Structures are given as C-alpha cells and as structure tokens.
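Trainee: Turn this into a structure:
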Amino acid sequence: MATPSGSPSPTFNNPDQLDLQHQLMDHDATLMVTEEVSLTLGGDNLLIVDERSMRKAERGCCGLTSKPGNFPDWAPNSRSDHDLTVCGLLSSTAKSTHSIAVYNVLDADLSPEGLTITYADHASKHDVSVTAVRYPFAEAQRPAVESWTNKLLDAAYGSAKRYKRLKVLVNPFGGQGHAVKLYSTYAAPVFAAARCHVDVQETTHGGHAIDIVEKLDINAYDAIVCCSGDGLPYEVFNGLAKKPNAQEALAKMAVAMVPCGSGNAMAWNLCGTGSVSVSALTIVKGVRTPMDLVSVTQGMTRTLSFLSQSFGIIAESDLGTDDIRWMGAHRFTYGFLKRVMHGAVYPCDLAVKVAIDGKQAIKDHYNTYAQSQPHGRPEETTEEQAGGLPELAYGTVLDDLPKDWEVIPAETLGNFYAGKMAIVSKDTNFFPASLPNDGLMDVVTVDGTLSRLTTLKMMTEIPEGGFFDMPDVKIRKAVAYRLVPREKEGYISIDGESVPFEAFQAEVHKGLGTVLSKSGHLYEADGPRA
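Mentor: This next block holds a predicted model:
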C-alpha cells in the first residue's frame, strides 16, 4: 500500500537501525568495492558504507546526481556524464552511511568508469528525481561486481519487467495545458534512466486515442501510458476494444497513467499518488495486473468503462459545471452544494443483479480477496482470450429485463454511483471495498429526500473513511444493472465522460483488461473499516 503522500517506500534513516541491518546481512549480499567502501543488499534497502577519509581529492569517485529535466538520454549500453554533478553522499565524517530503497533503484550499469547505480531519490515530500552514484572497481573484480549487480536488479524489479516498451500518449490539453511540460520534466527522465524504450505521441482531439490504439501493434509495446486525466485511459480501453482480437489486445496490452489531468483516479488507485514523477517510477516497477472492465450499452452502442458510472447529484455536479471549469476542483463542490440546497432528486427505474448484499458480507468478501495470493497476468494470451469482446451474459438495455434482478425503488433517488475502482479523485475513496479482479462492481445508492445536514455529512465522511458504514448509504456488490431515467434531460457520466441521457445497462467482465499496478493485487487505498 502507498503512504498517504504517495511517496515511494521509505529508507532507513536511523543510524542504529542501519548498523543492525548491516550486521544481519548475508555476506554474499555485500560487495566490497574497495577496502573502505561496501554495498550491501538487505531487506528492502541498499546500504552504502563509505569509510574513506574525506579529503577533497577523493570526492570525485562517488556521488553523482542530476536534477529533473537534465538527465541525459542514456543509450542501453552507454553513459553520458557531462550533466552529472557531485552528490553529497560523502559527509565530513570519517564514516558515511547511506541507504537507498531497493524499490527506487532504476538501473545498474558497468562501464570503464565503474559501477553506476541509478535511482529515484526524494526531491520533495511528494516527488522524486533521478540520481546516480558511481564507484570504480578493479578489472579483477568484474565477475563479482557483475554477479552482485544482477542480484541488485533482480531485487529492484522482482516480477516486474525491466526496460519496458512504452507507447506514451500525451493529451496536450490535460492539466490546464501543462501535460506536455509535466511529462517531459518529471516522467521522461525516470523512463530514460530506467532504460525504457519510449514512443511519445500527442493527441490532437477528443477520440484521437481511440483511433491510435485501434491501429496499434499490440506486439510492439508492453504498455500504453496515458499522460492525462481519466479521459485518455477511457479512450485507450475502447480503442483496444475495437480491434478484431479485442480480448487478446486487452489482455496483452497493459494500460497505465501519468497523472496530468484533474481527476487522475487511475494513478491514485494503481500508483497511490498524484505525483507525475512517483507515478513514472511506479510504472517502471509496475506489475501486470488483470482488471475487470464493464460493458455499458445504450441502444445499439456498447462501450467499456474502467472507473465508474454515475447518475444523479454526482454526475450533475461534475458534468453540469463545465461552464465554470476555471474554478478547478472547487467547481464540483460548488455544484454539489447548489444541488443539495435545492433538494434535487433524480427519479429513475433501477434493477440490479445483486451478488453480495449487506455491508458485513461485503467486508468479508473484501478481506478474503485481500488475504488471497495475487494472480498476475502473464504476457502470453490463452485460447479463451481470442476473438472480439466477450458476449453479453445479460443482453443489452434493449432486451427484456432478466426476472432474477432486484428492482430497487428509485422514485426519489438522490445519487447512483457504480464503481470498479476505489478512489474516484484525490482524497475521495468512494468505493473502499472495490477490488481490481473480483468480477463485481460496487453499486451505491442514496435517497434524495435525506436532510441537507445528513447529505453534507456523507460527503465529509468520505475522506475520513466513515462513508461506507453510514446507515443511509446503500451498497451492493453487483454483476450487472439497468437504469432508466424518468426525466427528459440530465447527465450520465461514464468514467467522467458525458454520454446521452437515456437508458443504459452495465455488465462486468472479470479480468478483461490489464493494467500496471504497484501491488499487483489491491488498489492503493484503504479498505472498508473492520
């Protein structure tokens, strides 16, 4: 799980802990670069102990760093050091000890100049920057250095693939027009230092990513990285869905996000952060993870949803405030409060194929899944993943309503929200029981006739983690549902995108999509309270 700040795994910073950790290391995990310098792999950290005296003439052999945006574009087997400056790893004391989180190690390379270890260092509370240390070694040490370096990289990457091939799509209009700069300044250096093979393309209009991905060779890349808000991943999944071999494409091609938009839910769920640089690090170390996708039908149209579908006050507060986008995230709060004060209700006909009802049963389901062994997604596809999108088990919104679905009274509905990810925006863990690959979506309904005070209390309880357990919040685990608006005008949101205001039906497909995630198992969000 990520820390609340979304920062990478912490390093040891207590000298006593460092000494104890050093004593417990297996000797095979320690590389003596010189008689005074040792590099030790242990637990989650790389421990560097430098016992050299600190004469100025000796400072050039260690400690190289580069700030974001100035890191050279390293070729796979070469290093360019003209932009590197002396790093303050060596202190003025006789013995310097430094710890680097193994997770943060991006690369390790042997060259005539020595062993260079490149890693992501904390540049601020929420960001990292590319940094490197170098130690020369004698040629006679090369076999030992090579063996130790392989151990370091194995520990640093685990089951994640190294040197990923990334198709990077940048929405130049994302992040209030700053997406291109955010990517080039904070994400690109991390990808370069990790020796990822990167193909960058800017989108030019809405729907452009669908066209790009539909024609993309799925064997040429390991992942598609969306530098945007949640709109671009929505297009990417639907571009893959348009391929004749849609199931194979969705299973083989992982989707990831560098957060450059307003919502950035995918990054918060899979990377545990809204930071561009930390998200890039998480993508480099990301594990292929199967994720459920949801088919949404309206008339004869079928689209895929990866995040959520909303109707009622949430959709109105989001899509109904486009005219005040200059307010940023505050526009949603303004829209919400305005509708609460007017006591808005959104009547509809609602039927749900319920799988799990009752909050305790949902918590039990979550805990069972969380304690199970994660099942990563192999790169090879199976025969079952051949062909186009899977058939709809429950038909479309145009078919007769299945008789075993539960009809839910919704004449005074205030809010309908169905989710496949836990976090819908920063500090908004709306679906804490949501799981990536359980074949179920969380359906939340709230009556619109509740008092204003109760409704406002609900919204303040979301960041505090108390929303799930509030008695007026109805939550069901479902495999499908149908919603038919009774009014003629309004808003329906699919993954934050506006769709026609008409009847729609949703159905979950277990493990249809693939993403890169930090854990390979759970979202980077707190689950429901015990």
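Trainee: which residues sit against stretch 515-524?
Mentor: Residues outside stretch 515-524 that contact it (Cβ atoms under 8 Å, 6 or more residues apart in numbering) are 1-2, 6, 159, 223, 254-256, 266, 268-273, 282-283, 285-289, 291, 370, 374, 376, 421-423, 434-436. Using the backbone N, CA and C atoms, a C-beta is placed for each residue, glycine as well.
Trainee: of those residues, buried ones?
Mentor: For those, a burial check counting by 16 or more other Cβ atoms under 10 Å picks out 2, 6, 223, 254-256, 266, 268-273, 282-283, 285-289, 291, 374, 421-423, 434-436.
Trainee: Skipping adjacent residues, who's closest to residue 311 in space?
Mentor: Residue nearest to residue 311 in three dimensions, not counting chain neighbours: residue 416, with 4.4 Å by Cβ to Cβ, 6 or more residues apart in numbering.
Trainee: ok, that neighbour touching residue 448?
Mentor: No - contact criterion Cβ atoms under 8 Å: residue 416 and residue 448 do not qualify, at 10.3 Å.
Trainee: who's more crowded, these two?
Mentor: Neighbours were counted for residue 416 and for residue 448 using other Cβ atoms under 10 Å; residue 416 has more, 24 against 20.
Trainee: How about the contacts made by that one?
Mentor: By Cβ under 8 Å, 6+ apart, the neighbours of residue 416 are 310-312, 346, 348, 350, 410, 443-445, 483.
Trainee: Tell me which of these has the lowest pLDDT.
Mentor: Of all these, residue 312 carries the smallest pLDDT score, 91.
Trainee: Could you give the number of residues near that one?
Mentor: Quick note: residue 312 (other Cβ under 10 Å) scores 28 neighbours.
Trainee: oh, and call the first residue 20 from now on, that's how I've got it
Mentor: Happy to do that; since the first residue is 20 now, the last one works out to residue 331.
Trainee: I'd like the distance between it and residue 365.
Mentor: Separation of residue 331 from residue 365 (Cβ to Cβ, to the nearest Å): 4 Å.
Trainee: ok, now residue 420?
Mentor: 20 Å.
Trainee: So which of these two has more stuff around it?
Mentor: Using other Cβ under 10 Å as the criterion, residue 420 and residue 365 rank with residue 365 on top: 24 against 15.
Trainee: you'd agree the more buried one is in a strand?
Mentor: No - using DSSP: H, G, I helix; E, B strand; the rest coil, the assignment for residue 365 is coil, not a strand.
Trainee: Wait, a helix at residue 352?
Mentor: Yes - Residue 352 sits within a helix when classified using three-state DSSP.
Trainee: Can you select the buried ones from the contacts of residue 435 in ChimeraX?
Mentor: The following ChimeraX line selects those of those that are buried, judged by 16+ other Cβ under 10 Å:
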select :329,330,331,365,367,369,429,462,463,464,502
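Trainee: residues shared between the contacts of residue 435 and residue 467?
Mentor: Residues touching both residue 435 and residue 467 (Cβ under 8 Å, 6+ apart): 331, 365.
Trainee: I'd say residue 201 and residue 293 touch.
Mentor: No - taking contacts as Cβ under 8 Å, residue 201 lies outside contact range of residue 293: 11.2 Å.
Trainee: what pairs with the residue lying closest to residue 178 once chain neighbours are set aside across the strands?
Mentor: Among residues not flanking residue 178 along the chain, residue 306 sits closest, at 5.7 Å (Cβ to Cβ, 6+ apart). Counting by DSSP bridges, residue 306 is bridged to residue 536.
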